[in-house]
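A.B. asks: Here is my input, please return the structure:
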Amino acid sequence: MQALVCIGCVNAGLLLGEGSSNASFPFSPIRFICLIGWVYLCLYSVQSVQFGLLVPKKQKRIANVAALFIGPLLLFVLLIMDTAKKAAESSRSFFEVIWEQLQNIAANIKSSGLFGSRDDSTLRIFDSSGRSIKEIYSHGKSSRDIRTLELTEQIITKALEERASDILIDPKDESKYVIRLRVDGMLRVVDQIEAETCQAVINSIKVVSNMDIAERRRPQDGAFMAKTGGGTVSFRVASAGVLNGEKLSVRVLNQNAGAFKLDNIGMSEKQQVTIREEITKPAGMILLCGPTGSGKTTTMYAMLNEIDLFTRNVITVEDPIEYVLPDASQIEVNPKADITFAKALRSIFRQDPDVICIGEIRDEETAGIALQASQTGHLVLATIHSDSNASALIRLLDLGVTPLLMSSGLSLVVSQRLLRKLCDSCKVHAELSPGQISEFHKKGINYSNIFQAKGCKKCWDTGYKGRIAVFDILALNDQLKANIANSQLFITEMKKEGEQKGRSNLRKQGLKQVVCGITSLGELKRAIG
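C.D. replies: Numbering: from 1, shown residues only. Take a look at the predicted model:
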């Protein structure tokens, strides 16, 4: 890049007379601005040649060299060629297309930050192939289309600013749609939009997600991504026909997996030691369980971040890929392409894996393959939907896993819940009843640092901001494995007694967060009971 700048500067200087010792006119700001503009147009021309489709691949090298010397002229030629091509493919006039092209060039140069004016907060939406939503809508740049795109970007930007995990667009009645965001596991209404306007927004999201906008009754799935100053964010979209219109659900998939560590997701030091001991073993299976939205995938990635990905071959099978691990091989389940959890797992064994991660155990075949893999020298991390450690074992039995296979393959079962953290700006000391104070005295608990939610502008009057996980870890020792293998009745008994014990362990871990002033008693009761 430095070499390109130097060549461009010399070239521009010569053209403007800076390189001539016989120049009779002194230096002026206008000439300097022209010099800088020429250089950037040369660089932009090189970029257009390299990544554009108008120049044949074999001629790109020659065109790049030419762009360094006659960048603006070559850029003008490419602009005319591209404009003529687009005008021929559409019903718009040549001048309408060329005006649009000039606006796009100005926007691209501004967003690239070449002149130091890039706005990192600008959101740009792309489909899975890399086309921007504005390019997709280039066939109809009416004022209505522009307002629709602006409103779509505003909704997505708002969701990212509020750390939302989901965007829900629902018809309230025949004339109104409601926009809701799920923040920290709780839904809140952020806007109400007229049905006609909101349907245009839904269509814009469906278009960029490669979905059929003409089909409003049959459920559809799609995906798109957005680029911001903070990086790239992926979105998964699902639509369905409902009463009074069409419902759209957009899942926000955070790509920053490197931020998750065992010491910042809520685990105690003792629990961290237990987990680290298990993930350093060459074989075994760690099963993460909990209800939907309890943070199982986040915990799994926190475990993966404790593993040396350079010395161990890590392969994941997910639906969808929620976080990106640059040094791991990630496979996304795609039923349309006949890529299921079971089929992907069978193919993984030919890839020499050391660690296998399974996004979710859903069927008997996946459960069997996962447990067999843990017995053949592989470390397996998997998630399953269940309420507790005991119910996770029951779920495996229901899926057809034999007690002997379960006892020999499982090493650790971890159940978890997510608790909302109190907003530091508005939390107040809790008003405890005499009964609660008496109970804390009996247990020797210091209740002076217990707070409750109040609400302020920073937390949208909820009193909470962010979440933290609490865990119940069950290590399967030799005695427990023997009991599981020898008697299926033991599992039934464990479910009766283990459910209460599991909730007690989770409540105990949650109470520690309450006493430390991180969450409240009300939130503990809501999440765990």
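A.B. asks: can you tell me how far Cys426 sits from Lys465?
C.D. replies: 9 Å (CB to CB, to the nearest Å). C-betas here are computed from N, CA, C, even on glycine.
A.B. asks: Equivalent analysis for Ile202, please.
C.D. replies: For Ile202 relative to Lys465 (CB to CB), the value is 30 Å.
A.B. asks: before we move on, the earlier item: what residues are shared contacts of Cys426 and Lys465?
C.D. replies: Any residue near both Cys426 and Lys465 by CB atoms under 8 Å, 6 or more residues apart in numbering counts here, and that gives Lys458, Cys459.
A.B. asks: Of Ile202 and Lys465, which one has the most company?
C.D. replies: Neighbours were counted for Ile202 and for Lys465 using other CB atoms under 10 Å; Ile202 has more, 24 against 21.
A.B. asks: Please look at that one and Ser239 and confirm they touch.
C.D. replies: Yes: with contact defined as CB atoms under 8 Å, Ile202 counts as touching Ser239 (7.4 Å).
A.B. asks: what is in contact with these two at once?
C.D. replies: Glu246, Leu248.
A.B. asks: ok, Thr376 - contacts?
C.D. replies: By CB under 8 Å, 6+ apart, the residues touching Thr376 are Ala283.
A.B. asks: How much space separates it from Ile356?
C.D. replies: 11 Å.
A.B. asks: which residues of the protein score low on pLDDT?
C.D. replies: Scanning the chain for pLDDT under 70 picks out 1-27, 47-58, 71, 74-75, 78-79, 81-121, 137-142, 254-258, 487-503.
A.B. asks: So what are the structural domains in it, by residue number?
C.D. replies: Listed by automatic domain parsing, the domain ranges of the chain are 2-112, 124-253, 257-527.
A.B. asks: Neighbours of Leu476, how many?
C.D. replies: Neighbour count for Leu476, taken as other CB under 10 Å: 22.
A.B. asks: And it, how close does it get to Pro282?
C.D. replies: 17 Å.
A.B. asks: now swap in Tyr323 and tell me
C.D. replies: 25 Å.
A.B. asks: what do you get for Pro72?
C.D. replies: In terms of CB to CB, Pro72 sits 61 Å off from Pro282.
A.B. asks: got it, and Ala223?
C.D. replies: Distance from Ala223 to Pro282, by CB to CB: 36 Å.
A.B. asks: and if you look at Arg147?
C.D. replies: 58 Å.
A.B. asks: Settle it for me: which of the two has more neighbours?
C.D. replies: Neighbours per residue (other CB under 10 Å) separate Arg147 from Pro282, with Arg147 holding more: 13 against 10.
A.B. asks: and the more buried one, what helix or strand is that in?
C.D. replies: Assigned by DSSP states H and E, Arg147 belongs to helix 143-161.
A.B. asks: I would like the residues contacting that helix, please.
C.D. replies: 121, 123, 125, 133-134, 137, 164, 167, 179, 181, 190-191, 193, 197, 200-201, 203-205, 226, 228, 233, 235, 250, 252.
A.B. asks: In strands only, show me these.
C.D. replies: The strands, defined by DSSP state E, take in 125, 167, 179, 181, 190-191, 193, 226, 228, 233, 235, 250, 252 from those.
A.B. asks: ok, Leu309 - how many residues close by?
C.D. replies: 16.
A.B. asks: ignore the last one, Glu150
C.D. replies: 10.
A.B. asks: For Gly230, see how far away it is.
C.D. replies: 21 Å.
A.B. asks: now do Ile286
C.D. replies: 31 Å.
A.B. asks: Of these two, which one has the most company?
C.D. replies: Ile286 (24 against 11).
A.B. asks: so what's the more buried one up against?
C.D. replies: Counting by CB under 8 Å, 6+ apart, Ile286 has contacts Ile275, Glu278, Ile279, Met303, Leu379, Val380, Leu381, Ala382, Ser411, Leu412, Val413, Val414.
A.B. asks: Quick one: those as a markdown table, columns for distance to Arg217, secondary structure and neighbour count too.
C.D. replies: A markdown table is the format used below for the contacts of Ile286 (distance: CB to CB, whole Å; DSSP: H, G, I helix; E, B strand; the rest coil; neighbours: other CB atoms under 10 Å):
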| residue | distance to Arg217 | secondary structure | neighbour count |
| --- | --- | --- | --- |
| Ile275 | 46 | helix | 21 |
| Glu278 | 48 | helix | 19 |
| Ile279 | 46 | helix | 20 |
| Met303 | 42 | helix | 24 |
| Leu379 | 45 | strand | 25 |
| Val380 | 41 | strand | 25 |
| Leu381 | 39 | strand | 27 |
| Ala382 | 36 | strand | 25 |
| Ser411 | 47 | strand | 19 |
| Leu412 | 45 | strand | 21 |
| Val413 | 42 | strand | 24 |
| Val414 | 41 | strand | 27 |
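A.B. asks: Alright, calling it a day.
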